[in-house]
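> take a look and give me a structure for this.
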Amino acid sequence: MKAIILTHEGDKIGGLQTAELPIPQIKDDEILIKVHAIDINPVDNKTLQGKGQFNNIKNDDPIILGWDASGVIDAVGNDVTDFKIGDHVFGLVNFPGHGKTYAEYVAAPASQMALKPDNVDDETAVATTLSALMAYQAIHKADIKEGERVLIQGVAGGVGFFALRIAKSLGAYVIGTAMGKEEAFLKENGLDELIDFQTTDFEHATDNIDFVLDTLGGKNILKAFNILSPKGRLITIPSGIGDEWKSVAEERGIDAQFLFVHSSGEDMAAIADLLRLGVLKPNIAHRFKMTDIIHIHELMSGGKIFGKIVVTIY
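You can find the predicted model right below:
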């Protein structure tokens, strides 16, 4: 099979090469997926440069980037009972860890995958994996109730946009920070209030918030404590933001947590239901083919491409 392997990290795209590899052998609890489409995320590019998930995969041979996949099952392990050959599945593979989805075939634990809804294509499904899973796990963990006031930092971003749609499906009143030019699109997708971060400090524009989803980090997480209701909750997802916010949360008795997304077939099945119902619909910015993957990373490393990136493999 064809795959894109990483031979060494740290010099932009120089470590990426196209290779011919054996089709993976599956374990008893795994399924072999003939990949139709993958999603490329910022963590892929960070890993390429020696950050992100690199320490988790650096001792493997070969190193194959990628964690999101949608495709058709080509083989099932002896212990797999929930899927069969020919099923169309999608999901986030072995995150955190080694997903190996930049390839024509991928071996994935059956417990991490879900059936793809019949009413969406592979590109739509795969674009609703890592970012959507992170949003779902955050909203689920926050236990949002109907009528609660929710603030999403970076509501136009990959995670923020999915979180908006999920929170609205639960009956929340959603406020988001984004650029003013995004207002019409976001309100078409359910946003109740937009705070233009280019002109307005959210700390002085709202209050009595029951839940804050912080996708930005930095000073934003500290300011968020000042707008929470007495029983407010906060979840932050950026890494490398220090521990000051933990002390503030403890001092004020606020339930604040860091969330790191993890592969989960159960959660992917819930996302599949939301896709089927039309609650979730990814905003795909770029569509490429497998032969473009090295060029995609060149564009990402140079800051020349933004938004949701989907790659067709077949």
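> need the contact list for His286.
When contacts are counted by C-beta atoms under 8 Å, 6 or more residues apart in numbering, His286 touches Ile296, Ile305, Gly307, Lys308, Ile309, Val310. In short, each C-beta sits where N, CA and C put it, glycine included.
> is the fifth one in a bridge, and if so with what?
Beta bridges link Ile309 to Ile40, His286 when assigned by DSSP bridges.
> export stretch 254-263 to CSV, keeping only CA atoms.
Taking Å, rounded to 0.1, in the frame of the first residue of the first chain, the C-alpha atoms of stretch 254-263 are listed here in CSV:
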residue,chain,number,x,y,z
ILE,A,254,-14.9,26.9,40.4
ASP,A,255,-15.1,23.6,38.5
ALA,A,256,-12.4,24.1,35.9
GLN,A,257,-10.7,21.3,34.0
PHE,A,258,-8.3,20.7,31.1
LEU,A,259,-9.6,18.3,28.5
PHE,A,260,-7.5,16.2,26.1
VAL,A,261,-9.4,14.5,23.4
HIS,A,262,-9.3,10.7,23.3
SER,A,263,-10.5,8.1,20.8
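> where do the helices sit along the stretch 51-200 of the chain?
54-57, 122-126, 130-142, 158-169, 183-188 (DSSP state H, counting those that start in this stretch).
> hmm, which of the contacts of His286 is lowest in pLDDT?
For the contacts of His286, the weakest pLDDT value sits at Gly307, with 88.
> can you get me a residue count around that residue?
11 (other C-beta atoms under 10 Å).
> ok, it to Leu280 distance?
16 Å (C-beta to C-beta, to the nearest Å).
> what would the helices of the stretch 51-200 of the chain look like in JSON lines with distance to Glu244 and mean neighbour count?
Formatted as JSON lines, the helices of the stretch 51-200 of the chain follow (distance: least, C-beta to C-beta, whole Å; neighbours: other C-beta atoms under 10 Å):
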{"stretch": "helix 54-57", "distance to Glu244": "25", "mean neighbour count": "16"}
{"stretch": "helix 122-126", "distance to Glu244": "37", "mean neighbour count": "25"}
{"stretch": "helix 130-142", "distance to Glu244": "21", "mean neighbour count": "23"}
{"stretch": "helix 158-169", "distance to Glu244": "22", "mean neighbour count": "24"}
{"stretch": "helix 183-188", "distance to Glu244": "30", "mean neighbour count": "14"}
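> to Gly99, which of these lies closest?
helix 54-57 (8.8 Å; C-beta to C-beta).
> touching the closest one from outside, list them.
The contact list for helix 54-57 (C-beta under 8 Å, 6+ apart) reads Glu9, Lys46, Thr47, Ile63, Pro96, Gly97, His98.
> so which of those residues sit within strands?
Ile63 (DSSP state E).
> out of the contacts of helix 54-57, which comes closest to Gly218?
Nearest to Gly218 among the contacts of helix 54-57, counting by C-beta to C-beta, is Lys46 at 17.3 Å.
> for the closest residue to Thr18 other than its chain neighbours, give its distance to Gln25.
Nearest in space to Thr18, with sequence neighbours left out and distances taken as C-beta to C-beta, 6 or more residues apart in numbering, is Ile4 at 6.0 Å. For Ile4, the distance to Gln25 equals 20 Å [C-beta to C-beta].
> report the contact partners of Thr206.
Applying C-beta under 8 Å, 6+ apart, we find Thr206 in contact with Leu151, Ile175, Glu193, Ile195, Ile227.
> now for the first one, how many residues are close by?
Each residue near Leu151 was counted by other C-beta under 10 Å, and the total is 27.
> now do the third one
Around Glu193 sit 15 other residues, with neighbours defined as other C-beta under 10 Å.
> rewinding a little: nearest to Asn208, of the contacts of Thr206?
For the contacts of Thr206, the nearest to Asn208 is Ile227 (7.5 Å; C-beta to C-beta).
> perfect, I'm done here.
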